[in-house]
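got a predicted model here, sequence first, then my questions.
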Protein chains: 2
Amino acid sequence: MGVSLSISEAAEKSGLSVHTLRYYERAGLLEPISRNGSGHRRYVEEDLERIRFLSRLRATGMPIRRVRRYAELLNGGDETNEERLALLEEHRASVLALLDQTAQNLELIEFKIDLYRERLGRK
Amino acid sequence: MGVSLSISEAAEKSGLSVHTLRYYERAGLLEPISRNGSGHRRYVEEDLERIRFLSRLRATGMPIRRVRRYAELLNGGDETNEERLALLEEHRASVLALLDQTAQNLELIEFKIDLYRERLGRK
DNA sequence: CCTTGACTTAGAGCGCGCTCTAAGTCCTAT
DNA sequence: ATAGGACTTAGAGCGCGCTCTAAGTCAAGG
């Protein structure tokens, strides 16, 4: 039997706001969520998994329109597996590049930190 | 003798646009840049170094208003060294947290990538 | 003299990703 | 019956960080 959640429960579980959940649906990141008798959204586990994964994409800097593209591929069935893979691999590369760049920037920041520590006679 | 650069040269060297350079100055991230006889900005090496460091702070996600705070401390002389250190250390912590979170998210993305590769009979 | 081009300013505009508001519907409890 | 509360929609609003525009000044070259 399928457990289903209201939008506020789904928000709670996903860490997004109810506003954002509706926005993502409107924006084409989610397929239309099924409704109960009174027109209220009911989120099933599959929805939540999708939301959680898309959130990871967002959290790693993928722009909404690219997440939408991925979502469209998810809706498109198994013929889209190649393109999904390509999209994720491309994203992976850009995340790695960002991590790398950030690590470098962090080094400079830490260099400055050490400099201030010395200046203040700490350490 | 001090080499000095026009705003477009400074933009070139710093990787920012001339618009952004003026914006950063207006926004209090830079001290007023000195001017030549006709009112044009002349950037000296010290300006460029500051711009480059502030860019690293930006590139690692520090919000403008926090960069401004740091800039104010830079203008405030040596009594501000403690606070500068504290600010940078706090930023360092948040960058590390972001790196960590991003690495975790990346793992999930890579897990999906592997899954698609298998599904497609690659590897 | 006059054009060209790099600069100046104040302020408007923009893309992104939410976030919120207003007005309305529906169910439940009193 | 009515009040409360969770939901619905369309659409407006917002914070951020630029990015661009319009109108003007100035110096150099033809």
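Cool, the structure landed.

and DNA strand C, is the helix or strand residue A:83 falls within touching that?
Taking DSSP states H and E as the definition, residue A:83 sits inside helix A:81-119. No - against DNA strand C, helix A:81-119 shows no contacts by Cβ under 7 Å from any atom of the strand, the least distance being 12.7 Å. All C-beta spots, glycine's among them, are computed from the backbone N, C-alpha and C.

okay, the spatially most central residue of chain A and residue B:40: tell me how far apart.
In chain A, the residue lying closest to the centroid (Cα atoms, centre = their mean) is residue A:55, at 2.0 Å. To residue B:40, residue A:55 is 48 Å away according to Cβ to Cβ, to the nearest Å.

do the same with residue A:47
Going from residue A:47 to residue B:40 by Cβ to Cβ gives 58 Å.

next one: residue A:94
Note on residue A:94: its distance to residue B:40, by Cβ to Cβ, is 38 Å.

residue A:109 now?
To residue B:40, residue A:109 is 32 Å away according to Cβ to Cβ.

repeat for residue A:18
Taken as Cβ to Cβ, the span from residue A:18 to residue B:40 is 52 Å.

please say which of these two ends up with more neighbours.
Ranked by neighbour count (other Cβ atoms under 10 Å in any protein chain shown), residue A:18 and residue B:40 place residue A:18 first, with 15 against 10.

residue contacts, the more buried one?
Contact analysis of residue A:18 by Cβ atoms under 8 Å, 6 or more residues apart in numbering or on different chains lists A:7, A:8, A:10, A:11.

most widely separated two among those residues?
Greatest spatial distance in those: A:8 and A:10, 7.3 Å, computed using Cβ to Cβ.

if we can go back for a sec, just the buried ones from the contacts of residue A:18?
Applying 16 or more other Cβ atoms under 10 Å in any protein chain shown to the contacts of residue A:18, the neighbour count classes A:7, A:10, A:11 as buried.

next step: the residues you listed restricted to helices.
The helices, defined by DSSP state H, take in A:7, A:10, A:11 from the buried ones among the contacts of residue A:18.

thank you, goodbye.
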